[in-house]
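Engineer: pasting the sequence and the predicted coordinates here, then a few questions.
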Amino acid sequence: MRAILIANPKATSTSRRARDVLVRAFSGDLDLHVAETGHRGHAVDLARQAAVEGYDVVVAMGGDGTVNETVNGLLADGPSPDLPALAVLPCGSANVFARALGLPNNPLAATRPVLEALRAGRHRSVGLGTASSGTGTERYFTFCAGIGFDAEVVREVERRRVTGAKADPSLYVRTAVRHFFSGTDRTRPALTLEAPGRPAESGLFFAFVSNTSPWTYMGRRPLNLSPRANFSRGLDVFGMQSLDVVPMLGAVAQMFLGGNRPVRGRRVLNVHDAAEVTLRAERPVAFQLDGDYLGEQECITFRSVPKAIRVVI
């Protein structure tokens, strides 16, 4: 079985020694080629080439950004049963996609179940989401997209990481709190949600489009915005029509403590199992996909793609 390991050497929990251990573990079962990413977007090119060359498996070793790029490379020409299967070894700060699949949050610990699945020829077809903006470019996402406040926080975190800050949960919390009180616009909502078969919902300050649950993790604790979202259904949307302190605190508390119940509230919007939704903005707003900041947009359409890719699990 031919496989390529796409490794991000800058991923949060990656070390060369750990990577070498993983390579040795896989080499007994696979004809394995190793490729390291050298710049943003490199994993897209490597995965696209792996699909062209007919590899059986593409192993993404990195965080959610590396996984997202690998998925977009594999699906450059759309889903197909002939594409290589995807395996994931989580090495980032959150690893939401890998953990949503049930993998341990550690590359060494995840190696065993991935190897067992490879040996058994076991795969799972999972649905993904796509996001397309006014430029016509469509990009896949594995677990979540965010427009507004959340994406602004991702942007600020990325700026701080450039200056040497460590990407751990505390950095996101500190950045979110600081940005909420002194950075984001809490008085002028910009977003309107449109979905076939339902009236438009305006006055949104931010929105999350989820392909699975949870939305993210705070260390070991999952944060659930749309707990009914999963890889076998359409997309879920969570949004808020208020950035006042009390409604926000209530929503955050429900994310931590709500379990399998969606976040509720008078200023809360929930959409479940949608095939397509569009978010329009009165002005350019920040946009992130799988934790990767993608600039500002004024209109984005999201679509659900059932059984888009085979995952080794």
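Structural biologist: Received it, and whenever you're ready, just let me know what you need. These numbers were taken from a predicted model, which means no experiment stands behind them.

Engineer: walk me through the domains of this protein.
Structural biologist: 2-121, 131-312 (automatic domain parsing).

Engineer: any idea which of these is most buried?
Structural biologist: Most buried of those, by mean neighbour count (mean count of other C-beta atoms under 10 Å): domain 2-121, with a mean of 19. For the C-beta atoms, the positions are set from N, CA and C on the backbone; glycine is no exception.

Engineer: now that one: average pLDDT?
Structural biologist: The average pLDDT for domain 2-121 rounds to 92.

Engineer: same check on stretch 141-160?
Structural biologist: Mean pLDDT, stretch 141-160: 95.

Engineer: roughly how far apart are residue 38 and residue 3?
Structural biologist: 20 Å (C-beta to C-beta, to the nearest Å).

Engineer: likewise residue 183?
Structural biologist: Distance from residue 183 to residue 3, by C-beta to C-beta: 44 Å.

Engineer: again with residue 175
Structural biologist: 37 Å.

Engineer: what does residue 46 give?
Structural biologist: Taking C-beta to C-beta, one finds residue 46 at 12 Å from residue 3.

Engineer: which parts of the stretch 101-250 of the chain are helices?
Structural biologist: With DSSP state H, counting those that start in this stretch as the criterion, the stretch 101-250 of the chain has helices at 107-120, 149-162, 169-182, 245-257.

Engineer: what's the helix or strand for the closest residue to residue 34 other than its chain neighbours?
Structural biologist: In space, and not counting its chain neighbours, residue 34 is closest to residue 5: 4.8 Å by C-beta to C-beta, 6 or more residues apart in numbering. Here residue 5, judged by DSSP states H and E, is contained in strand 2-7.

Engineer: over to the nearest residue to residue 119 once chain neighbours are set aside: give its phi and psi.
Structural biologist: Ranked by C-beta to C-beta, 6+ apart and with sequence neighbours excluded, the top spatial neighbour of residue 119 is residue 29, at 6.3 Å. Main-chain torsions, residue 29, degrees, to the nearest 10: phi -110, psi -10.

Engineer: correct me, but residue 29 touches residue 118?
Structural biologist: Yes. Proximity of residue 29 to residue 118 meets the contact threshold set by C-beta atoms under 8 Å, at 6.0 Å.

Engineer: mutual contacts of these two, please.
Structural biologist: Taking C-beta atoms under 8 Å, 6 or more residues apart in numbering as the criterion, residue 29 and residue 118 both touch residue 1.

Engineer: what's opposite residue 305 in the beta bridge?
Structural biologist: On the basis of DSSP bridges, residue 305 is bridged to residue 128.
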